[in-house]
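Enquirer: Dropping a prediction and its sequence here:
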Amino acid sequence: MAPGGNTRLLPTSNGWAAISCSRPDDPALYGALISGDIDAADPWPPIKNWVTAHTGAELDERAELLGLAAHSVSSSAHEVSRLVACAPHTSTGVGGTVGEGVSTSRLRCELASLETSRADSVRSPRGALRSPKGLRVVDFSALWAGPLCAHLLGLGGAEIIKVETTTRPDGARRGNADFYNLLHGGHRSVVFDPADDSDRRSLAELVASADIVIEASRPRALRGFGIDAEKVAATGVSWVSITAFGRDSNRIGFGDDVAAAAGLVALDDAGDPVFCGDAIADPLTGLTAVVWALTEPVAVLDLSMADIVGATLTGEPSAACVHERDGWVTPAGHPVVAPTPRAVQTPAPESGADTAAVFGEL
């Protein structure tokens, strides 16, 4: 189980899968997946029974159709080759490799021969980086990865304007208040009604005024609001698009399940996969996105969370840290310093608190 409690690693008939059931509509969607009833108070038993009886490929196909964040953890060499554009190092885990219908040695050989140019491009932006000071950032993203990017740009002096709709506020508002305030403190908040023509015109003007736009939705979502990413980017705006598996994919995902699907897992004493960190694909993506956002604008920046996780993997298991009397130590002998939480300096604004002021300035 992931730290948040809503994502689990479950065995399939030929491997493992990462299953997220965190959204209010997920129990009903999983009911459609299994063609049965799901108790929202305890959805896991029937989900586990269905997943155990089906292959990872069956799960992937049906989950994509239903819009579920559910993915096979690793695939056969054939499937890895097919999915390399989404996750160049799919199927290799930290501390071990989880095979699905293929031996670990063969899988490593297959992975070693795969083209990794997309992973290389994720690692190394080309060109000089701009200073964020004075830049206007319009942030349509939610949860963690995109807001972390915006937060770091804000710390560097950028003006951050968070945009939400009247019907779909950021789900992170329902979570830990300190965490939300940490990421959004000092930003401005705009809420617009997609059905209101005046709001849509103001939104278009706001986007046109931006130096950087951050979004984490499928392309058709913003097009439905009259915003075309390619056309906006062509005017010189840096457009940072964060998705689970790329803009050309309909698959959705969150930090825990995407990281596992891309191959970032550890193995427990029984050899079964466990999650690494807490939604680790989110901070990895947020940190990567802020660097790319500060490159000179060239086109829509298509940042796949699975790509970015894959770029951190080497194709070989990594050695585990060791627990000693005074704490954890890395394989190289360096102590692991316990994290220290940062204090919230400025609370996040109430949803829509700055709508009138921001739209009035346009």
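Expert: Arrived safely.

Enquirer: From what I see, Thr285 and Ser241 are in contact.
Expert: No - Thr285 lies out of contact with Ser241 (Cβ atoms under 8 Å); the separation is 11.2 Å. C-beta: built from backbone N, CA, C; applies to glycine.

Enquirer: So which of those two has more stuff around it?
Expert: Thr285 (30 against 25; other Cβ atoms under 10 Å).

Enquirer: which residues are common contacts for Thr285 and Ser241?
Expert: Contact criterion Cβ atoms under 8 Å, 6 or more residues apart in numbering; residues shared by Thr285 and Ser241: Leu303.

Enquirer: Which residue ranges of the stretch 201-350 of the chain form strands?
Expert: Secondary structure of the stretch 201-350 of the chain (DSSP state E, counting those that start in this stretch): strands located at 212-215, 238-243, 265-267, 273-275, 300-304, 322-324, 327-329.

Enquirer: Show me the helices in the stretch 51-200 of the chain, by range?
Expert: With helices called from DSSP state H, counting those that start in this stretch, the stretch 51-200 of the chain shows them at 56-66, 77-82, 104-112, 117-123, 145-155, 177-184, 197-208.

Enquirer: hey, least reliable of those by pLDDT?
Expert: Here these differ in mean pLDDT, and the lowest is helix 77-82 at a mean of 30.

Enquirer: Could you point out which of the strands of the stretch 201-350 of the chain sits nearest Ala338?
Expert: strand 327-329 (7.1 Å; Cβ to Cβ).

Enquirer: got the contact list for the next helix or strand after the closest one?
Expert: Tracing the chain past strand 327-329, the next element assigned as helix or strand by DSSP states H and E is helix 355-361. Residues from elsewhere that reach helix 355-361 (Cβ under 8 Å, 6+ apart): 161, 188-192, 202, 206.

Enquirer: Sitting in strands, which of the residues you listed do you find?
Expert: Using DSSP state E, the subset of the contacts of helix 355-361 located in strands is 161, 188-192.

Enquirer: which one of the residues you listed is nearest Pro45?
Expert: Closest approach to Pro45 among the ones in strands among the contacts of helix 355-361 (Cβ to Cβ): Val191, at 38.9 Å.

Enquirer: List the beta-bridge partners for the closest one.
Expert: Glu164 (DSSP bridges).

Enquirer: Could you shift the numbering so residue one becomes 226, and keep it that way?
Expert: Understood, numbering begins at 226; the last thing we discussed is Val416.

Enquirer: What separation do you get for it and Glu389?
Expert: Applying Cβ to Cβ, to the nearest Å, the value for Val416 to Glu389 is 5 Å.

Enquirer: shared neighbours, the two?
Expert: 576-577.

Enquirer: sorry, back to before: now the contacts of helix 580-586: which count as buried?
Expert: 386, 413-417, 427, 431 (16 or more other Cβ atoms under 10 Å).

Enquirer: ok, those vs Ala253, which is closest?
Expert: Checking the buried ones among the contacts of helix 580-586 against Ala253 with Cβ to Cβ, the nearest one is Val416 at 26.6 Å.

Enquirer: what's the pLDDT at that closest one?
Expert: The model's pLDDT for Val416 equals 96.

Enquirer: what do you get for Ala568?
Expert: pLDDT, read off for Ala568, is 89.

Enquirer: Gly502 now?
Expert: For Gly502, the model assigns a pLDDT of 86.

Enquirer: give me the number of residues near it?
Expert: Gly502, neighbours per other Cβ under 10 Å, totals 17.

Enquirer: any idea how far it is from Ala557?
Expert: 19 Å.

Enquirer: and what of Asp527?
Expert: Distance from Asp527 to Ala557, counting by Cβ to Cβ: 35 Å.

Enquirer: The two: which has the busier surroundings?
Expert: When Asp527 and Ala557 are compared for neighbours, Asp527 comes out ahead with 18 against 6, by other Cβ under 10 Å.

Enquirer: Tell me what that one is bridged to.
Expert: With DSSP bridges as the rule, Asp527 is bridged to Ser466.

Enquirer: Give the closest residue to Val298 in space, chain neighbours not counted.
Expert: Closest residue in space to Val298, ignoring its immediate chain neighbours: Trp241 at 4.2 Å, by Cβ to Cβ, 6 or more residues apart in numbering.

Enquirer: which ones are touching Asp403?
Expert: Here Asp403 is in contact with Val569 (Cβ under 8 Å, 6+ apart).
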